[in-house]
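Participant: Predicted model and sequence follow; I will ask about them next.
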Amino acid sequence: MEVRNASDLVIVSAYGRGHWLALECARKNWKVTLIDLTSAFGSYPAEDWEGPWGFFDTPDLLPSQRTYLVERDQVYPVANGFVAWLKRGPLEMTGPLTSFQRQAFNIASEVSEYLSSVGADESSEEVLKSPRVDRPVWLSALTLRGLKTPEPLSGLERLRSKIKAKPFQEGWLAYFAHALSSNAYAENVDAIDFSTPLPLGSPYGVRHVSAESVEAGFAQLEKAGVRVVRTNDIYDVRVQSGHFESVIVAGGEQVEKAQSFVWTLSSTETAKFHQRISNSIYPNGNLPPLWAWTRFRFQLRAVTSAQSLPLAFTMVENPFLPWSNSNLLCAKRIRGSDKNVALDIWARVPARVIGDGSYFEKLAGECTEILRRRVPLSNAVCEFLPLEADMSKEEMYDLRFPIYDKDDVENLEVVKARNLFMAGPEQWLSLDWNSQMRFQGAVFGALERLRAHWENIQRREEASQ
């Protein structure tokens with residue numbers, strides 16, 4: 001028997017996407033349903049939900065966003081901020097030696113100002129107008145009515161232009177800030193023109209996420225009044241005359257209707273379900289990723305050099321070679337023992353190698369050599385390879401942090417429905433928490449405006465009767 005449920009907002013989610021948005025809408029008295037499809041996409045543990053970037057405490061984070069990021073999970077500030085560890089030594093972004101290190105590495109003063117200004121005075125709505133320097137964001141074809149034409153990051157454009165005019169050797173750190181969490185791949189020298197830069201000059205921290213904290217997140221949603229539907233399948237969606245009507249689950253027996261919808265699944269994740277769903281949301285087909293972030297686990301002997309490592313750091317062998325594979329390794333310390341220091345090492349690899357265990361074994365060997373060279377006497381060993389090393393061809397596009405061709409991601413076609421907000425990996429500003437919070441804040445603002453528009457129409461209709 002078919003069951004029909006009506007909400008103000010339905011969010012189609014996986015891996016915690018859109019959870020803050022659901023909470024914020026519920027606080028504003030929206031009737032919210034969140035359909036969680038995480039179980040449809042393999043067995044990524046909680047550590048893989050989080051990613052390698054940590055988060056930056058920037059002024060543009062709303063108070064509720066900052067609370068969301070710190071209240072359930074264990075959060076640890078990194079004393080000297082983000083650390084780029086080159087062969088010549090560390091480059092700390094907020095430590096007492098930062099000015100000296102930037103001079104030693106010949107980093108242009110404009111770069112320091114640029115990285116300290118990102119997120120300092122941008123609201124979510126301003127970011128919505130300009131999530132990329134050269135590309136407008138799309139949420140739906142019609143829901144952005146009333147917003148200005150996308151324009152460059154006005155407060156940073158002057159600095160960005162100055163940096164681009166300098167030799168790459170002096171400005172590379174700004175390009176790196178754009179590339180590190182970007183969802184669109186570009187060569188090093190082009191990276192500054194894509195995605196939003198990480199605010200490397202801001203206070204920095206890392207979160208330790210667990211299965212328990214993930215479950216606590218769902219409990220928090222339900223306590224706030226969000227109706228949570230956890231399932232591993234979507235049966236169908238209904239779109240009529242430019243209006244997104246419903247999401248159908250439970251083998252066709254449960255119809256979720258709403259005034260507005262937010263779709264956080266990528267095109268390849270959407271394609272996991274029936275072809276008719278993929279055709280409805282992405283009419284010209286899905287967009288396979290070119291690259292992906294993958295997580296290794298290493299164990300180091302608890303020698304002094306290992307125990308003195310920062311809680312998080314990013315190793316770059318050569319900043320002038322492509323930022324991928326063993327040339328770019330993001331490290332995060334996790335709970336170890338008295339005898340060992342455990343590190344999660346994230347590497348950006350080509351999507352074509354997913355499922356190729358020999359490739360990941362070779363990469364693990366390169367990472368081992370780098371760690372043993374940089375952390376003397378640690379005897380670093382790889383404890384396990386990324387899950388992606390053993391993925392099947394059917395699973396290879398269910399990637400937690402995909403990266404797309406910069407031209408293809410700009411041209412991805414989505415269904416034109418005035419009440420549907422697209423908020424998946426292809427549409428994000430970047431993959432990190434700060435960018436996702438900005439994007440969700442922008443979606444929330446657009447949803448509130450759309451609700452006000454509908455309420456005005458309803459009041460006029462009631463007044464005319």
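Facilitator: Okay, I see it.
Participant: for the stretch 51-200 of the chain, which spans come out with low pLDDT?
Facilitator: The stretch 51-200 of the chain contains residues with pLDDT under 70 at 120-155.
Participant: For it, which segments count as strands?
Facilitator: 55-56, 74-77, 83-86, 89-92, 184-185 (DSSP state E, counting those that start in this stretch).
Participant: Contacts made by the third one with the rest, please.
Facilitator: Contact partners of strand 83-86, identified using CB atoms under 8 Å, 6 or more residues apart in numbering, comprise 90-93, 105, 173, 176, 310, 312-317, 319, 374. Placement of C-beta: from N, CA and C, glycine included.
Participant: Return the set of buried residues in it.
Facilitator: By 16 or more other CB atoms under 10 Å, the buried positions in strand 83-86 come out as Val83, Ala84, Trp85.
Participant: One more: stretch 389-398?
Facilitator: Residues Ala389, Met391, Glu395, Met396, Tyr397, Asp398 are the ones in stretch 389-398 that count as buried (16+ other CB under 10 Å).
Participant: Equivalent analysis for stretch 51-69, please.
Facilitator: So for stretch 51-69, counting by 16+ other CB under 10 Å, buried means 51-58, 60-62, 65, 68-69.
Participant: ok, and the closest non-adjacent residue to Asn318?
Facilitator: Counting by CB to CB, 6 or more residues apart in numbering, Asn318 lies nearest to Asn327, which is 6.1 Å off, once chain neighbours are set aside.
Participant: Who are the contact partners of the one you found?
Facilitator: If you count contacts by CB under 8 Å, 6+ apart, Asn327 has them with Val316, Glu317, Asn318, Leu321.
Participant: out of the residues you listed, which are buried?
Facilitator: Buried members of the contacts of Asn327, counted by 16+ other CB under 10 Å: Val316, Glu317.
Participant: Kindly reformat the contacts of Asn327 as a markdown table containing distance to Thr33.
Facilitator: Below are these laid out as a markdown table (distance: CB to CB, whole Å):
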| residue | distance to Thr33 |
| --- | --- |
| Val316 | 44 |
| Glu317 | 47 |
| Asn318 | 49 |
| Leu321 | 47 |
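Participant: What is the nearest of the contacts of Asn327 to Gly285?
Facilitator: Leu321 (33.5 Å; CB to CB).
Participant: could you measure that closest one against Asp190, distance?
Facilitator: 15 Å (CB to CB, to the nearest Å).
Participant: Could you do Gly16 as well?
Facilitator: 31 Å.
Participant: more crowded one of the two?
Facilitator: The neighbour count for Gly16 versus Asp190, taken as other CB atoms under 10 Å, is higher for Gly16 (19 against 13).
Participant: SS state for the more buried one?
Facilitator: coil (DSSP: H, G, I helix; E, B strand; the rest coil).
Participant: can you pull the contacts of it?
Facilitator: Contacts for Gly16 (CB under 8 Å, 6+ apart) come out as Trp49, Val214, Gly217.
Participant: that older thread, now, the contacts of Asn327 that are in strands?
Facilitator: The members of the contacts of Asn327 that map onto strands under DSSP state E are Val316.
Participant: List just the nearest of the contacts of Asn327 to Asp233.
Facilitator: Once CB to CB is applied, the member of the contacts of Asn327 that ends up nearest Asp233 is Val316, at 42.1 Å.
Participant: The closest one against Trp323, yeah?
Facilitator: Yes - counting by CB atoms under 8 Å, Val316 does reach Trp323; the two are 7.2 Å apart.
Participant: how much space between Asp405 and Val189?
Facilitator: Applying CB to CB, the value for Asp405 to Val189 is 17 Å.
Participant: the more surrounded of those two?
Facilitator: Asp405 (16 against 13).
Participant: ok, now how distant is the closest residue in space to the more buried one that isn't next to it in sequence from Val226?
Facilitator: Nearest residue to Asp405, sequence neighbours excluded (CB to CB, 6+ apart): Leu290, at 5.3 Å. According to CB to CB, Leu290 and Val226 sit 35 Å apart.
Participant: the more surrounded of the two?
Facilitator: Set Leu290 next to Val226 and count neighbours by other CB under 10 Å: Val226 wins out with 22 against 17.
Participant: Find me the pLDDT at that one, would you?
Facilitator: Here the pLDDT value assigned to Val226 is 97.
Participant: Check whether it really touches Ile35, as I assumed.
Facilitator: No - applying CB under 8 Å, one finds Val226 not in contact with Ile35, separated by 10.9 Å.
Participant: any common contacting residues for these two?
Facilitator: Counting by CB under 8 Å, 6+ apart, nothing touches both Val226 and Ile35.
Participant: Let's see which of the buried residues of stretch 389-398 end up in strands.
Facilitator: Judged by DSSP E, strands contain none of these.
Participant: what's the most distant pair in these?
Facilitator: Distance extremes for the buried residues of stretch 389-398: the farthest pair is Ala389 and Tyr397 at 15.6 Å, using CB to CB.
Participant: one step back: format the buried residues of stretch 389-398 as CSV; extra columns: pLDDT.
Facilitator: Shown next, in CSV, are those (pLDDT from 0 to 100):
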residue, pLDDT
Ala389, 94
Met391, 89
Glu395, 73
Met396, 71
Tyr397, 69
Asp398, 79
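Participant: what's the closest of these to Gln436?
Facilitator: Asp398 (18.8 Å).
Participant: what about the nearest residue to the closest one once chain neighbours are set aside, distance to Tyr15?
Facilitator: Leaving aside its chain neighbours, Asp398 sits nearest to Phe41 (4.5 Å; criterion: CB to CB, 6+ apart). In this view, Phe41 and Tyr15 are 8 Å apart by CB to CB.
Participant: And for Val415?
Facilitator: For Val415, the distance to Tyr15 - CB to CB - is 22 Å.
Participant: Between these two, tell me which one has more neighbours.
Facilitator: When Val415 and Tyr15 are compared for neighbours, Tyr15 comes out ahead with 22 against 18, by other CB under 10 Å.
Participant: which residues does that one contact?
Facilitator: Thr38, Phe41, Tyr44, Trp49, Arg400.
Participant: circling back to that earlier point, which members of the buried residues of stretch 51-69 are the farthest-apart pair?
Facilitator: Every pair of the buried residues of stretch 51-69 checked by CB to CB; the farthest is Pro52 and Leu62, at 23.9 Å.
Participant: Verify the contact between Ala302 and Leu343 for me.
Facilitator: No - taking CB under 8 Å as the definition, Ala302 is not a contact partner of Leu343, at 12.0 Å.
Participant: ok, these two, which is more surrounded?
Facilitator: Neighbours were tallied for Ala302 and for Leu343 using other CB under 10 Å; the higher tally belongs to Leu343 (26 against 16).
Participant: Three-state assignment for the residue lying closest to the more buried one once chain neighbours are set aside, please.
Facilitator: Among residues not flanking Leu343 along the chain, Phe298 sits closest, at 4.6 Å (CB to CB, 6+ apart). Under three-state DSSP, Phe298 falls in the strand class.
Participant: what's across from Phe298 in the sheet?
Facilitator: Leu343, Cys382 (DSSP bridges).
Participant: Contact partners for it?
Facilitator: Ala342, Leu343, Asp344, Ile345, Cys367, Thr368, Leu371, Ala380, Val381, Cys382, Glu383.
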